[in-house]
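> Fold the stuff below for me.
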Amino acid sequence: MAIEIRDFDPRDSARLAEYSIAGMHFDQYMSSRLALSLYGRFFVAGELVHASQAIAAYEDGSLAGALFADIAGEPHPYRTWPRRLFVGAVGLAARHAEASYHEACRDMLASYTAGRRVDGEICLLAADPRAKGKGIGTLLLDELVRREAGRHVYLYTDSNCTYQFYEHRGFERVGERAIGAGAGGRGMPLDCYLYARDL
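Numbers count the residues shown, from 1 in each chain. Next comes the predicted model:
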């Protein structure tokens, strides 16, 4: 079946949340299925609010994966008030659990950008785990390169994700921090990474 690359349809957010939960192993940080589902939806909505580019891959009309990026100077078409309200409300509850992760990311970015230009961030890249080996992530990244050629972008990932994907596609690891992370009393060590490259 052919894979079609086009703009992300926000009606597919719940499905993308499932892919994010699986690919980023959010289940290792919380045991409640309800909390996990809510966090997955919060995560996708939060990244969509910040996205100026929301690119998706569809296989036979069904979502196969998506890439969200925030590129400097571009509008944020998905920044609707209901989505922002949801992100703000759920974010109050999630803030404590994520504090060390976000602090590590801010520190790495501040060190990296001292005297260096960056044009944007890849906020999210997730694919259907059943589509492994079909090159969905590569197709999405190639589309971002086509749309934003020459831009210098960064992304955050961690040791609980498939960070090697980025290394095989020209990204350089430019920051690393070890932290303890988790929610619901399931704290566990985690290495946070900052990657960057020119598109």
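
> Could you use CA atoms for every contact and neighbour count after this?
Noted.

> quick one: the helix or strand in which residue 196 is found to chain centroid distance?
Per DSSP states H and E, residue 196 falls inside strand 188-198. With CA atoms, centre = their mean, to the nearest Å as the basis, strand 188-198 stands 12 Å off its chain's centre.

> average pLDDT across that strand?
For strand 188-198, mean pLDDT rounds to 90.

> other SSEs contacting it?
helix 81-113, strand 152-158, strand 172-181 (3 or more CA pairs under 8 Å, 6 or more residues apart in numbering; DSSP states H and E).

> Need the phi and psi values for residue 48.
As for residue 48, its main-chain torsions (degrees, to the nearest 10) stand at phi -70, psi -40.

> mind listing what's buried in the lowest-mean-pLDDT helix or strand in the chain?
The helix or strand of the chain with the lowest confidence, counting by mean pLDDT, DSSP states H and E, is helix 81-113 at a mean of 83. Using 16 or more other CA atoms under 10 Å as the test for burial, helix 81-113 gives 83-84, 87, 90-91, 97, 100-101, 104-105, 108-109, 112.

> now swap in stretch 147-163 and tell me
For stretch 147-163, by 16+ other CA under 10 Å, it's 148, 151, 152, 153, 154, 155, 156, 157, 158, 163.

> Pretty sure residue 65 sits against residue 57.
Yes - Residue 65 is within contact range of residue 57, at 5.2 Å (criterion: CA atoms under 8 Å).

> Pull up the overlap in contacts between those two.
136, 140 (CA atoms under 8 Å, 6 or more residues apart in numbering).

> and residue 54, what helix or strand is that in?
strand 53-59.

> Show me what that strand is in contact with.
Under CA under 8 Å, 6+ apart, the answer for strand 53-59 is 1-9, 48, 63-71, 76, 136, 139-140, 143-144.

> Fine by me, we can end here.
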